[in-house]
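Enquirer: give the three-dimensional model of this entry:
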Amino acid sequence: MSSINVGKVILGGLVAGVVYNVGEAILNMGILAQDMEEFGRKYQLPPTDGSFIAKMTILMFVFGIVTVFIYAAIRPRFGAGLKTAVITGCLVWFLSFFYATFLMQAIGLFATAPSVKGALWELGEAVLASIAGAWVYKES
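Expert: Down below sits the predicted model:
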């Protein structure tokens, strides 16, 4: 069994992070923009500022690196390629986006329709990010 190529995990993770960031921008500033505005008004939240956006951008790059690390870790068992990247994307989505979104929906913080839209979008986003990162990742 070969070891994980940390440099390629980081490089692939940055590529995956770009996919996550673009996907989140489209989701939050486009698809769910009206829902996000209503949410902010309901809970009297200040508008998002540059500091928040910077933190979330960094977080999505971290998500990308973690995604590719998981891909690299399960690759010896499942094999290199598309199937393993899809499994990785689904796993990351379930353990992060799905869990957080539906926890917030279950306690009444998020409405059902935007939760479902967001979760489905983020499933596609996580799978595409994983595929992009896996495409870059090589063991040697």
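
Enquirer: elements contacting the longest helix belonging to the chain?
Expert: Across the chain, the longest stretch assigned as helix under DSSP state H is helix 50-78. For helix 50-78, the packing partners by 3 or more Cβ pairs under 8 Å, 6 or more residues apart in numbering; DSSP states H and E come out as helix 6-26, helix 82-93, helix 112-136. The C-beta positions use only the backbone N, C-alpha and C, and glycine is treated the same way.

Enquirer: can you lay out these as a markdown table showing mean neighbour count?
Expert: Listed next are those as a markdown table, based on neighbours: other Cβ atoms under 10 Å:
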| stretch | mean neighbour count |
| --- | --- |
| helix 6-26 | 20 |
| helix 82-93 | 20 |
| helix 112-136 | 20 |
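
Enquirer: of all the ones you listed, which lies closest to Phe61?
Expert: helix 6-26 (3.5 Å; Cβ to Cβ).

Enquirer: where are the low-confidence patches of the protein?
Expert: Across the chain, the ranges flagged by pLDDT under 70 are 1.
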